[in-house]
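Student: Just a sequence and a predicted model for now, questions to come.
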2 protein chains.
Amino acid sequence: MSGRRVTIRDVAERADVSISTVSHAFSGSRPISAETRERITRAANELGYEPNPSARSLRTGRSGIVGLILRPRFALVGTSDRAETFNRLVGSVATEALRRKTGLIHVPDIDDPRAAKVPMDGCIVAHPYSGDRVLTEVLRRHIPVVTVEEDPERPELPWAVRLDYPPVVDRLLDHLKRQHASDIMLLTGTESNAWNVRTRESYRAWCRTNGVPARIDELSEGLTHEEAAQLIGPLLAAPDRPDAIVVATSDFAALIARVAAAQGVRVPDELMIASFTDSEHSRTADPAITAMDLNHENLAKEAVELMLARIAGAEAPEKPVVISPVLHLRASTLRSPH
Amino acid sequence: MSGRRVTIRDVAERADVSISTVSHAFSGSRPISAETRERITRAANELGYEPNPSARSLRTGRSGIVGLILRPRFALVGTSDRAETFNRLVGSVATEALRRKTGLIHVPDIDDPRAAKVPMDGCIVAHPYSGDRVLTEVLRRHIPVVTVEEDPERPELPWAVRLDYPPVVDRLLDHLKRQHASDIMLLTGTESNAWNVRTRESYRAWCRTNGVPARIDELSEGLTHEEAAQLIGPLLAAPDRPDAIVVATSDFAALIARVAAAQGVRVPDELMIASFTDSEHSRTADPAITAMDLNHENLAKEAVELMLARIAGAEAPEKPVVISPVLHLRASTLRSPH
DNA sequence: TACGTCGATCAAAACGTTTTGACTCACAAC
DNA sequence: GTTGTGAGTCAAAACGTTTTGATCGACGTA
C-alpha cells in the first residue's frame, strides 16, 4: 500500500535511460548494451518493479488469461455428488492451465451487468445447454471459444472437445443384456446438454438395433434425494419393474440402490443398476455401482490445449477432438452365474 | 474476429455525442438527459459494445479480480485423495467468488518469469508453508493478501482465516482414550504448513495434559501408496504396535486399514484409525474411518468475504477469522463394548 | 439586474505499457 | 571518400477507458 505503485517510468529514471529502453531490455525486442541492461535490471530490482498487467494487455491486446464458464446449473447448488463433478472439472482445468503457465479465470455470470468484466483472450465453455444463452453471448462478442461438449443446437462449432458416447453406451447395454437383462430402463436427466441428449440417443439406437422397446423416464437433476426417492419407490414396487436401470447421475444410482435394499429388491440379481457419471460414491457403494466415467481430466487437458492453440492463431481443426468415456463394470451389474 | 473491436469511440460517434458522455451515461456519474441516454444505449446495443476491461482497470486501478494461490505442492501431482482436497478447495472458493460476482483467477507460478502476469486486486493464499516464498513475493509487491491458514512463521498477519485445531484434536484423542486406547500414535505429514504444525502441537499438548508419552512419526505427503505401505507394514507387525493411529491424510488412513486387514489386525478392536482430513474415501471405506473435516466450504466463504472487505478498504480485523473443523466419529474408532 | 446553482455536455489529461520511426555512432565494404 | 549496416538509444504515438475542469444555458433568488 505504501504510496504509489512503481512504474516503468521510475525504473527508467533511476537507470537514467528512456522508458522505451527499459521496455526493450525486458522484452529483448531490440539489442541493449550489456552495461545498460545491467543498470536497468538493478534499478528494477531495487524498486521492486513489476509491469502492470492491465497496461500491458491494453497495449498488446493479449492478457494471457483464459476464461472458464461451467454451464451446469448445479455449479452453485446441489448434492455433494454434483459438487464433486463440478470440483473435479474445475480442478482439472485449473491444473492444466497452471501447467501451461497461463492464467485461468472463472468468469462471473457474463450477462449480469453487476458482475465484474474480465479480460480474457479466450474462453472455455463447458457443458453448454441447447441454444445456450451464455454461449450465444460469448460468440456475439467475438471471444474465441472452445466448448467442452457441444451445444446440441450448434453441433457445427469445430473448436470443441467432445465425448464419444455410442460405443461406450453400447458396451454397457450389451453387457447388461449378457447378464440376462430383458427390460432395461433409462432414467435420463432433464437438462438439455449434450450428455443427456446424446446418451439418450445412444440408448434409443441400441434399442432399435436390438429390437427391444425403449423405456425412458426423466429424473430432474434438480430433485433432492427425498423427492427422487418418492418417485423411485413406486417404480421399484410396480409389477412391471425393470430388471435393469441406467440412470444419469451416480448419486441417484446410489439412491436407487438404497431404495432397492429397503424394499428387499436384490441388486444385482433382481435389479441391475448403472449410471452415466462416476464418483467416489459409486466406487465405494455396496454393492459398487457400474458407471461411465466422463474422463474430466482428459477433457480438461484437451480443452486447454485447444484454447491455447486457437489463441495462438492456429487454423480451425477439421473436427472436434474426441475423448472416450471410460466404462467401469462393478458389482451392481455382475450377476453370479446360477 | 471480424475486424476491430468496437470501442467507446464508435458508440460516441454513432450516438453523436462525446465519449465522456457515453462513459457518464453508463456509469451514471453525471446526469444525462433521458433522450441522449436512450440514443447511447441504442447505439451501444446495435454495435455490440462491451467496455474493454484492461483499459478500464488501467484507468481505475481496479480489476474486479481476486487471485487464488494454492500452496500445497500436491496441487499438480498426487493421489486421487489429494486431488480431492485440491478440487474441493478450488471449487469452494470459485463457487463463493461467483456468488459474489467477482472474477477469480488461478495465479500461475508467481515468480516464474515465463508465466503470465495477471491483474488482481488482491490474492488469497491457501495453506502457505513456513516462510512461504510465494507469500513473501506477494507481500513484497504490496498485493493485498488474505491467507487461508497462517504461515507458521508469520502468525501475526491479521488478514487470515484459520482453523481452530486444539479443541477438535482434544475431542478426538479423548474419544480414543474412552475407547480404551492406551498407546496413540501420530503419523504426521512433513510439509511445514499450519495444518501439520498445529495438529502436531495439539497432539503434544494433549499428551502432556494426560501424562502419556507422545509418539510421533512422519509420513511424507509425497509418498506413493506403495512406498507408504512399505513403512506401515513393519509398524503394524512390530511388538510395540500402537493400539490407535492418527494419521494426517485420509488416503493413508484408508491404506493403513487395508494393510491391517491384510495382516489380520482387526479394526477397531486391535487398532483404531483416524485422520486429519476427510474425504469420500474415509466416509465409505469399510469400516468407515473417523476423520477431521477441514471444512473447506466455510474456509473458502470467509476467505472471499475477507478479501472483498480488504479490497473495499476495510480496517484490518483484530484477529483472524476462526473456523472450527468438524469431527466425524466413525466405525474405525468405535469399539463394540464387551 | 446581478448572482449563484444546477443540468447537460464537451475537451483534455491521465492510467502504464509496447511499438515504431528516427537518430547517432562506429565500422566494414566498395 | 562515400555508402551501407548494425548496435544502441530516444521520442512519440497508440491502446480504450474514467475523471476532472470548463462551458453554456436555464432558472430561481437576492
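Tutor: Yep, that arrived. Numbering: from 1, shown residues only, chains lettered A, B, ... in the order given.
Student: If you count neighbours, what's buried in stretch A:204-211?
Tutor: A:W206, A:C207 (16 or more other CB atoms under 10 Å in any protein chain shown). Just so you know, the C-beta spots here come from the backbone N, C-alpha and C atoms, and that holds for glycine as well.
Student: One more: stretch A:189-202?
Tutor: A:G189, A:E191, A:S192, A:N193, A:A194, A:W195, A:N196, A:V197, A:R198, A:T199, A:R200, A:S202.
Student: now that stretch: how far from the chain's centre is it?
Tutor: A distance of 15 Å separates the C-alpha centroid of stretch A:189-202 from that of its chain, computed with CA atoms, centre = their mean, to the nearest Å.
Student: Quick one: distance of whatever helix or strand A:E201 lives in to the chain centre.
Tutor: Following DSSP states H and E, one finds A:E201 within helix A:194-210. Relative to its parent chain, helix A:194-210 has a centroid offset of 21 Å by CA atoms, centre = their mean.
Student: Likewise for stretch A:139-159?
Tutor: 14 Å.
Student: That stretch and chain B in contact?
Tutor: Yes: applying CB under 8 Å from any CB of the partner chain, one finds stretch A:139-159 touching chain B at A:R140, A:R141, A:H142, A:P144.
Student: Residue of the stretch 101-250 of chain A nearest DNA strand D, please.
Tutor: As assessed by CB to the nearest atom of the strand, DNA strand D sits closest to A:K117 within the stretch 101-250 of chain A, at 9.2 Å.
Student: Does that residue touch B:S54 like I think?
Tutor: No: A:K117 is not in contact with B:S54 according to CB atoms under 8 Å; the separation is 10.0 Å.
Student: Compare neighbour counts for the two and give me the winner.
Tutor: Neighbour count, other CB atoms under 10 Å in any protein chain shown: between A:K117 and B:S54, B:S54 has more, with 25 against 20.
Student: Could I get the average pLDDT for stretch A:39-54?
Tutor: For stretch A:39-54, mean pLDDT rounds to 94.
Student: cool, and stretch A:193-200?
Tutor: Across stretch A:193-200, pLDDT averages out at 94.
Student: And for stretch A:172-186?
Tutor: 96.
Student: In that stretch, which residues are buried?
Tutor: Under 16+ other CB under 10 Å, the buried positions of stretch A:172-186 are A:L172, A:L173, A:H175, A:L176, A:Q179, A:A181, A:I184, A:M185, A:L186.
Student: which residues in chain A form strands?
Tutor: In chain A, the segments counted as strands under DSSP state E are A:65-70, A:103-106, A:122-126, A:145-148, A:160-163, A:184-188, A:216-218, A:244-247, A:272-275, A:290-293, A:321-323, A:326-328.
Student: JSON lines for those strands, including distance to DNA strand D?
Tutor: Compiled in JSON lines, these are given as follows (distance: least, CB to the nearest atom of the strand, whole Å):
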{"stretch": "strand A:65-70", "distance to DNA strand D": "16"}
{"stretch": "strand A:103-106", "distance to DNA strand D": "19"}
{"stretch": "strand A:122-126", "distance to DNA strand D": "17"}
{"stretch": "strand A:145-148", "distance to DNA strand D": "20"}
{"stretch": "strand A:160-163", "distance to DNA strand D": "28"}
{"stretch": "strand A:184-188", "distance to DNA strand D": "44"}
{"stretch": "strand A:216-218", "distance to DNA strand D": "44"}
{"stretch": "strand A:244-247", "distance to DNA strand D": "48"}
{"stretch": "strand A:272-275", "distance to DNA strand D": "47"}
{"stretch": "strand A:290-293", "distance to DNA strand D": "44"}
{"stretch": "strand A:321-323", "distance to DNA strand D": "32"}
{"stretch": "strand A:326-328", "distance to DNA strand D": "45"}
